[in-house]
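>>> pasting a predicted model and its sequence here:
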Amino acid sequence: MAYLGNSARTKEVLAKFNMSAKKKFGQNFLIDSNVLAGIVEASKVTDNDCVLEIGPGIGSLTQYLAESAKRVIAVEIDRSLLPVLDHTLSDYNNVTIINEDILKVDIGEIVAKYNDNKPIKVVANLPYYITTPIIMKLFESGAPIESVTVMVQKEVADRMVMGPGNKDYGSLSLAVGFYAKAEAVMDVPPSSFIPQPNVGSAVVRLERYEERPVEVQDDKYMFEIIRTAFNQRRKTLSNSLANNPALKVSRQQVVDALLEMGLDEKVRGEVLSLEQFAALSDILQR
Ligand code: SAM
């Protein structure tokens, strides 16, 4: 039985191992059984699934996942948590802990080794200090990943699900939108964690598209355009893109491309959709 999803048991386990949460690893342990059950439900994990968990911590979410999934592979950077996980997961024989930095492991290799290259589901309460690099790595790795259900900072969740024209819309919204359909699942208050984070949190579910929603000749070039546009949010698109030598375009070329697309030459990047960035990228590379 999953027993860790409450404050008393979490404190008991931490005290037993003489441990406290480490800030440098973004450790905020979930103590709310409704939230834990809600994450697993939103992830749609079944007993046919192999799950990749990032940062099992003391094993709270891992216990829930082990009860729903066929297999759980959990990557944890903090070596001192290994004896704790040995103890809290001793009732489960379908969990494998890998003591590595998720940003350094080969995700494709994990899927090949533990799930015969069949798509896995990623489920995690992410360390907030590296949320974006983790999400980007998961998608850019090209590994077979069916969905990603994660707890992130509320503000980051908003950026993932927003469309053009919204203040939270940015390069993360576009990057996520290129690979997956994003859905906000639930907001989670600081009181659901030990220690309490000083920001609100939210769970999002990203379901990877089987077919990309837009066609673009060179996605790296498109993402360089997107990064440049949002790094200099207050500049017009033609000025910001012409300022980036890596894009090899003049201000006039950008203006001509925007006019060809039926857009105002003074437009800013924040109003363009993913489809429009893809079209702009293709025109600028002609
Ligand atoms: N899953 C646990 C829970 O929900 O209670 C802990 C979540 S805590 C927010 C984040 C976890 O990620 C911590 O256990 C931390 O040590 C781990 N972590 C931090 N950086 C990591 C990295 N680069 N690779 C793997 N795990 C990491």
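Yep, that arrived.
>>> skipping its backbone neighbours, what lies nearest T46 in space?
Leaving aside its sequence neighbours, T46 sits nearest to S68 (Cβ to Cβ, 6 or more residues apart in numbering; 7.1 Å). Any C-beta I mention is one placed from the backbone N, CA and C, and that applies to glycine too.
>>> try A202
A157 (3.7 Å).
>>> might one say that that neighbour is in contact with V199?
No - if you go by Cβ atoms under 8 Å, A157 and V199 don't touch, sitting 10.8 Å apart.
>>> who's more crowded, the two?
The residue with more neighbours, out of A157 and V199, is A157; 25 against 12, by other Cβ atoms under 10 Å.
>>> mind checking how far that one is from I130?
For A157, the distance to I130 (Cβ to Cβ, to the nearest Å) stands at 16 Å.
>>> count of residues packed around Q276?
Residues lying near Q276 (other Cβ under 10 Å) number 18.
>>> and the stretch 101-250 of the chain, which residues reach the ligand?
Residues of the stretch 101-250 of the chain lying close to the ligand by Cβ under 6 Å from any ligand atom are D101, I102, L103, N125, P127, I130.
>>> who wins for neighbours among these?
Among those, N125 has the most neighbours (other Cβ under 10 Å), with 28 neighbours.
>>> which non-adjacent residue is nearest it?
M151 (4.2 Å).
>>> for that neighbour, grab the count of nearby residues.
M151 has 26 nearby residues by other Cβ under 10 Å.
>>> wait, F223 sits on A175?
Yes - contact criterion Cβ under 8 Å: F223 and A175 qualify, at 6.9 Å.
>>> got a list of what I73 touches?
Going by Cβ atoms under 8 Å, 6 or more residues apart in numbering, I73 touches C50, V51, L52, E53, T96, I98, I110, Y114, I120.
>>> quick one: the third one is in a helix?
What that stands for is L52. No - under the criterion used here (DSSP: H, G, I helix; E, B strand; the rest coil), L52 is strand, not part of a helix.
>>> in this structure, which residue sits nearest the ligand?
Distances between the chain and the ligand by Cβ to the nearest ligand atom are smallest at G55, namely 2.0 Å.
>>> show me what contacts that residue?
Applying Cβ under 8 Å, 6+ apart to G55 gives the contacts F25, G26, A74, V75, E76, I77, I102, A124, N125, L126, P127.
>>> what's the most distant pair in those residues?
Farthest apart among the contacts of G55 by Cβ to Cβ are G26 and A74. That separation is 15.6 Å.
>>> of those two, give the one with the bigger neighbour count.
Neighbours per residue (other Cβ under 10 Å) separate G26 from A74, with A74 holding more: 25 against 18.
>>> measure the most centrally placed residue in the chain to L272 for me?
Computing the C-alpha centroid of the chain and ranking residues by Cα atoms, centre = their mean puts I135 first, at 3.2 Å. Between I135 and L272 the computed distance is 21 Å (Cβ to Cβ).
>>> ditto for M162
Computed as Cβ to Cβ, the M162 to L272 distance reads 13 Å.
>>> same thing with L280?
Counting by Cβ to Cβ, the gap from L280 to L272 is 7 Å.
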